[in-house]
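Enquirer: Give me the fold of what follows.
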Amino acid sequence: MIQYAWLITVMPLAAFCIILGLTYRQKMASALVAIFCMGVSLALSLGVLLAVVHGGEAELSLTWFTLGDWRFEVGVLVDPMAAVMFVVVCFITFFDMIYSIGYMHGDPGFSRFFAFLSLFAFSMLGLVAANNFLQIFIFWELVGLCSYLLIGFWYDQPGVALPPPSAGMRAFITTRIGDVGLLIGILMLAAALPTLNFREVFAAVGAGQVPAGLATTAAILLFMGAVGKSAQFPLHTWLPDAMEGPTPVSALIHAATMVAAGVYLVARLMPIFNAGSASLEVVAYIGGFTALLAASIGIVFPDFKRVIAYSTISQLGYMFMALGITGAATAGMFHLTTHAFFKALLFLAIGSVIHAAESQHMRDLGGLRKYMPVTAFTFLMGALALSGIPPFAGFWSKDEIIYSAVEHGQTGLAVLGLVVAFMTAFYIFRVYFGTFGGEIPEHRRHHHYHEAPPTMTVPLIVLAIMAIVVGWVGTPWANYFAAFLAPEEHLAAGPDSTALTLMAISTVIVVVAILSAWLVYGRKRVPDVDAEPLARGIPWLHKFLINKWYIEPFYYGVIVRYGAVGLAYVAAWFDRHVIDGIVNGIAAIVGGVGQGLRHVQSGYLQFYAMVIFAAVVIVAVYIALFVTV
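Expert: This next block holds a predicted model:
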């Protein structure tokens, strides 16, 4: 099956072309083409995964073009990490597309939506398959373009926070900031080594052909790209605004495509990060701080879709923290895998609520459990998985990260991980109780609530099952995931006393957080954001959190406003004194030369004859003196 791995990437591209060229005016045909092609990719990805499990691994490549001694190639690297990501991306995208039939029903851009989803899947799968820096950078940028197209999909409708086109542009520009670092990092490695192939670069770095200082600098620059794509501090502000796109887009971005790309990049390039230990510390501490920052904002935010967005930022922080602490891909990739299923589930369940309630503000919600039992139950499964309640998926991957921190002497990060675990359970059950518990608000009782159609509920049920069972491949008693991703590691005989103690502590913390959320939000309805217990009890802290630590006001109120003014002044001075000076100087030189030459064209025949005679004399003298006959 490995030799057909390239088809996994090609199939969604084929769907994109077919929809645009043939089925654009037939909406259901467009959806079926996209789903069929994605289903083929899913089947192929499962086949490739089984082949790799049984010891298969390969790198397939073709020469794209050559430039001097450089060979630029197009290739597919099939190893355990790529095999896992193929399945994750294809599985989430396949069921997301099925769900979208019901969610996007009646939308005038129905075919365009499925075309963009297919292009998005092609971009992410191409990124996963890449075996060299040039190819991964091309698909990296294509993923950014697709996110812009899908976030701003409803370009003619107003958004909750800002218009969708503005949200898409903000995401596109913010991630480009990180991409500058990524490009510089790639160029630094290209200047030091005569290859862009991953395995060749890793071998050279491991052999010491790249100085440690250069490797550290390049790794940090590469991490900048991941910071932008995966919405880590300080480039985290774009992801909540990405909620202006259709909810199936949010599920894809947050679970299997856009933001997962940053974690995958760092995991894929881990040999470069290990060459400079300082870069691993940057990854770990940026991830840990981002996890705390986003989780704290999720506690108070009134827009429940954006609460899930901040949850994604926080969980991505967990993943980067794991990568930086361990210097290996296993723990971080395990959490990426489990998180993909339960976060897609949470977003699609939220989409089902928005589809029925036509609102995503918590003041308009409540009491939906009796009207939407399937949605309520599946959301609960996702909430338990995100919180880390055993035996749900998030429990195994979250505890492995906390245990890894203790095992590597990072006690502070382990404590931070436990604090974030408390916040995570609290805010997700704040959403659950506020949405499905209690009674419908008085001002919304005229609204007709109903369960979503089967095209939406069936994917919810499938993802709920995965949120329960997918973590079992990485238990401390038999961590098959770690053994598969890193074959040199042996399966642990079982968890030691430290691991068992941490499992017990984290479970107690999560249970206390859920009970706290029930005491605050489950027993009675909180009618308005101003009536939030935190706003009444600690108003300054509530104001600090609801204003997102004042990071965004600082960006847009100080850097953008005054930075733009200063930049405009410098640009104007440079334009007047440098650009205009160069242009005017060239014009003056040309004018002076023209003024001198105009006298040559006198119109007198005697003058022309004199010039010709002088030229003949000069040529004759030159021949007589310097040319040998």
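
Enquirer: Kindly check the end-to-end length of stretch 292-311 for me.
Expert: 10 Å (CA to CA, to the nearest Å).

Enquirer: avg pLDDT for it?
Expert: Per-residue pLDDT over stretch 292-311 has a mean of 92.

Enquirer: So for that stretch, what gets flagged as buried?
Expert: Neighbour-count burial for stretch 292-311, counted by 16 or more other CB atoms under 10 Å, picks out 292-311. For glycine as for every other residue, the C-beta is placed from the backbone atoms N, C-alpha and C.

Enquirer: for that stretch, the distance to its chain's centre please.
Expert: Chain-centre distance of stretch 292-311: 17 Å, with CA atoms, centre = their mean, to the nearest Å.

Enquirer: A strand includes residue 356, no?
Expert: No. Assessed with DSSP: H, G, I helix; E, B strand; the rest coil, residue 356 is helix; it does not lie in a strand.

Enquirer: show me what contacts it?
Expert: For residue 356, the contacting residues are 368, 371, 372, 375, 449, 450, 451, 452, by CB atoms under 8 Å, 6 or more residues apart in numbering.

Enquirer: neighbours of the closest residue to the fourth one other than its chain neighbours, just the number please.
Expert: When you say that, I think you mean residue 375. Distance criterion CB to CB, 6 or more residues apart in numbering; nearest residue to residue 375, sequence neighbours excluded, is residue 352 at 4.4 Å. When neighbours are defined as other CB atoms under 10 Å, residue 352 has 28 of them.

Enquirer: Could you check the pLDDT of residue 169?
Expert: 91.

Enquirer: what's the answer for residue 600, then?
Expert: The model's pLDDT for residue 600 equals 66.

Enquirer: now swap in residue 531 and tell me
Expert: Looking at residue 531, its pLDDT is 62.

Enquirer: go on, residue 618?
Expert: Taking residue 618 on its own, its pLDDT is 85.

Enquirer: what's the spacing between the residue nearest in space to the middle of the chain and residue 232?
Expert: Nearest to the geometric centre of the chain sits residue 259, at 1.7 Å (CA atoms, centre = their mean). Relative to residue 232, residue 259 is positioned 9 Å away (CB to CB, to the nearest Å).

Enquirer: any common contacting residues for the two?
Expert: residue 316.

Enquirer: and the residue nearest to residue 375, what is it in contact with?
Expert: Contacts of residue 352 by CB under 8 Å, 6+ apart are 372, 375, 452, 456, 457, 460.

Enquirer: Okay, and the nearest residue to the last one once chain neighbours are set aside sits in which element?
Expert: What that stands for is residue 460. In this structure, residue 460 finds its nearest non-sequential neighbour in residue 378, 4.2 Å apart by CB to CB, 6+ apart. Here residue 378, judged by DSSP states H and E, is contained in helix 373-387.

Enquirer: same check, this time on residue 272
Expert: Assigned by DSSP H and E, residue 272 falls in helix 270-275.

Enquirer: Which elements pack onto that helix?
Expert: In terms of contacts (3 or more CB pairs under 8 Å, 6 or more residues apart in numbering; DSSP states H and E), helix 270-275 is packed against helix 198-206, helix 212-229, helix 277-298.

Enquirer: for that helix, what is the average pLDDT?
Expert: 93.

Enquirer: So what touches it?
Expert: In contact with helix 270-275 (CB under 8 Å, 6+ apart) are residues 189, 201-202, 205-206, 210, 212, 215-216, 218-219, 222-223, 266, 279-280, 283, 323, 327-329.

Enquirer: follow-up on the earlier one: any chance of TSV for the helices and strands packed on helix 270-275, columns distance to residue 245?
Expert: Output for the helices and strands packed on helix 270-275, formatted as TSV (distance: least, CB to CB, whole Å):
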stretch	distance to residue 245
helix 198-206	32
helix 212-229	16
helix 277-298	19
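
Enquirer: So for residue 128, which of these sits nearest?
Expert: Proximity to residue 128 (CB to CB) singles out helix 198-206 among the helices and strands packed on helix 270-275, at 12.4 Å.

Enquirer: How much space separates the nearest residue to residue 215 once chain neighbours are set aside from residue 434?
Expert: Distances taken as CB to CB, 6+ apart put residue 275 closest to residue 215, at 3.8 Å, once the chain neighbours are dropped. According to CB to CB, residue 275 stands 48 Å off from residue 434.

Enquirer: Please apply the same query to residue 253.
Expert: In terms of CB to CB, residue 253 sits 24 Å off from residue 434.

Enquirer: Now the nearest residue to residue 535 once chain neighbours are set aside: which helix or strand?
Expert: Using CB to CB, 6+ apart and skipping the chain neighbours, the partner closest in space to residue 535 is residue 542 (4.2 Å). For residue 542, the element it lies in under DSSP H and E is helix 539-546.

Enquirer: I'd like the distance from that helix to the chain centre, please.
Expert: 28 Å.

Enquirer: packing partners for that helix?
Expert: Checking 3+ CB pairs under 8 Å, 6+ apart, helix 539-546 ends up next to helix 277-298, helix 533-537.

Enquirer: ranking those helices by burial, who's on top?
Expert: Most buried of these, by mean neighbour count (mean count of other CB atoms under 10 Å): helix 277-298, with a mean of 22.

Enquirer: So which other helices or strands are in contact with that one?
Expert: Against helix 277-298 (3+ CB pairs under 8 Å, 6+ apart) you get helix 212-229, helix 270-275, helix 304-326, helix 411-436, helix 539-546.

Enquirer: what about the strands in this protein?
Expert: Ranges of strands in the chain, per DSSP state E, are 58-67, 70-78, 474-475, 478-479.

Enquirer: Tell me which of those sits most buried.
Expert: Using mean count of other CB under 10 Å, the stretch among those with the largest mean neighbour count is strand 474-475, at a mean of 22.
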